[in-house]
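Undergrad: would you be able to build a 3D model of this:
(4 chains)
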Number of protein chains: 2
Amino acid sequence: MATIGQRNRLQFIILGLLNQQPQTGYDLAKAFENEIGEFWQAQHSQIYPMLKRLEAAGEITHEDTVTGEKLAKKQYTLTPTGREKLVAWVSQPSPELTPNKDEFILKLYFIKDVDDPRIQPMLREQYRLHQAQLAHLQQRQATVFPDTSTIDQAYGHYLILDHAIAREAHYVSWLTQYLTPED
Amino acid sequence: MATIGQRNRLQFIILGLLNQQPQTGYDLAKAFENEIGEFWQAQHSQIYPMLKRLEAAGEITHEDTVTGEKLAKKQYTLTPTGREKLVAWVSQPSPELTPNKDEFILKLYFIKDVDDPRIQPMLREQYRLHQAQLAHLQQRQATVFPDTSTIDQAYGHYLILDHAIAREAHYVSWLTQYLTPED
DNA sequence: TCCCCCATGTAAGGTGTTACATGATTTA
DNA sequence: TAAATCATGTAACACCTTACATGGGGGA
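TA: Sure thing, here's the model as predicted:
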């Protein structure tokens, strides 16, 4: 399955997640909403086919398990081949800046006039959104890393959360700069 | 062309760009590399078909011009319908946080060990990249907005550049926090 | 018993990237 | 005159989202 044209980063991220611990497709889908949702997203409709593809390529295997009476689960695990491929990807430089997209910023861009009455409500809405997201992330940090001693065992996780928090905090403070007090 | 399933934001961005001034597809492609490249990207292979589609929908029209002996250009302009559609989009709230993707951060995430020797080189590489991008953006700001009096006429443009600069500056300072001095 | 969550899959269609293709104009 | 840039298009394919489809388990 050549896949030369595009980078197919999803496969590596799935390998990375499975390397942390064997998981089901469902578990992976949750991870894309929670742990790493700030930096990559994928729906289950994208995950299940990819798991089949990775298994066909011999990079992962699965074990069927049953919960309760007959709920079938597939627990996926990395093979040595898969682990090699993961290590190669992680060790490889990532020399491009990731493209960013931000619909809100573009809307502001298209409103040329400083005094356009739409600007302040838009800024306030974004403020609410990002403030809420920031609070949510801080909450999670407090839960996952209650004290500094817990950081070292999951340094990557700590970094990722720290970065997400810093990013949101920064977005919020940028917005604040342009907000005028509400009447 | 219904397009209910997905959002098709590209069309609105093209309308927004054409609202600033009539342009060719080639000009638009440039804008996606420069002015707004920090917040949206599109290749010419995506732009030309979209222009046809927008014209078929009566939202833009074009005028054929010739440069030199026979180089054909198509200068596109918004129609009143197109302008209405643009205004509706701009005025509409953007209630979702834009998904972010960052391959580099994920690689860090998958390296659990604080002392993994790959971490520092990776951080330094990203530092170089973002530092260079930051310098480039600051350069552009100095060129486009030489003094504060020039801001008001293109407030949107100012905001967008300011935001991009702040974002990069922030990314760089986050990286610095984890960088150890090189030997 | 109903609802929410667990669990896995496929189908359809839109979005985006890379490559293929062609030709004119300007600048060094 | 060669290279870079202007200028427009299509084809192939990979990526991603939404919707369709089905069924089990656990708690209120």
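
Undergrad: show me the shaky parts of chain A.
TA: A:1-5, A:183 (pLDDT under 70).

Undergrad: ranges for the helices of it?
TA: A:9-20, A:25-31, A:44-56, A:80-91, A:103-110, A:119-144, A:155-178 (DSSP state H).

Undergrad: residue A:8 - how many residues pack around it?
TA: For residue A:8, the neighbour count with other CB atoms under 10 Å in any protein chain shown is 13. The C-beta positions use only the backbone N, C-alpha and C, and glycine is treated the same way.

Undergrad: swap that for residue A:130, sorry
TA: Using other CB under 10 Å, the number of residues around residue A:130 comes to 21.

Undergrad: and the gap between it and DNA strand C?
TA: Shown here: residue A:130 relative to DNA strand C, a distance of 21 Å by CB to the nearest atom of the strand, to the nearest Å.

Undergrad: any idea how far that residue is from residue B:96?
TA: Residue A:130 sits 12 Å away from residue B:96, going by CB to CB, to the nearest Å.

Undergrad: I'd like the helices of chain A as JSON lines, with distance to residue B:23 appended.
TA: Shown next, in JSON lines, are the helices of chain A (distance: least, CB to CB, whole Å):
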{"stretch": "helix A:9-20", "distance to residue B:23": "33"}
{"stretch": "helix A:25-31", "distance to residue B:23": "42"}
{"stretch": "helix A:44-56", "distance to residue B:23": "36"}
{"stretch": "helix A:80-91", "distance to residue B:23": "40"}
{"stretch": "helix A:103-110", "distance to residue B:23": "14"}
{"stretch": "helix A:119-144", "distance to residue B:23": "25"}
{"stretch": "helix A:155-178", "distance to residue B:23": "28"}
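
Undergrad: which among these is found nearest to residue B:86?
TA: Closest to residue B:86 of the helices of chain A is helix A:103-110 (CB to CB; 7.3 Å).

Undergrad: contacts for the closest one?
TA: Residues outside helix A:103-110 that contact it (CB atoms under 8 Å, 6 or more residues apart in numbering or on different chains): A:119, A:122, A:126, B:9, B:13, B:16, B:19-20, B:36, B:39-40, B:86, B:89-90, B:94, B:98, B:156-157, B:159-160, B:163.

Undergrad: and the residues you listed near DNA strand C, which?
TA: residue B:9 (CB under 7 Å from any atom of the strand).

Undergrad: okay, now the nearest residue to residue A:85 once chain neighbours are set aside: neighbour count?
TA: Leaving aside its sequence neighbours, residue A:85 sits nearest to residue A:59 (CB to CB, 6 or more residues apart in numbering or on different chains; 5.8 Å). For residue A:59, the neighbour count with other CB under 10 Å is 21.

Undergrad: is residue A:171 in contact with residue A:132, as I believe?
TA: No - using CB atoms under 8 Å, residue A:171 is not in contact with residue A:132; the gap is 11.9 Å.

Undergrad: so for the two, which sits in the more crowded spot?
TA: residue A:171 (24 against 13).

Undergrad: need the contact list for residue A:39.
TA: By CB under 8 Å, 6+ apart, residue A:39 lies in contact with A:160, A:164, B:100, B:101, B:102, B:105, B:106, B:109.

Undergrad: so which of these wins on neighbours?
TA: Going by other CB under 10 Å, residue B:109 tops these with 27 neighbours.

Undergrad: quick check: that one vs residue A:40, distance?
TA: Relative to residue A:40, residue B:109 is positioned 10 Å away (criterion: CB to CB).

Undergrad: then residue A:52?
TA: According to CB to CB, residue A:52 and residue A:40 sit 20 Å apart.

Undergrad: sweet, I'm off.
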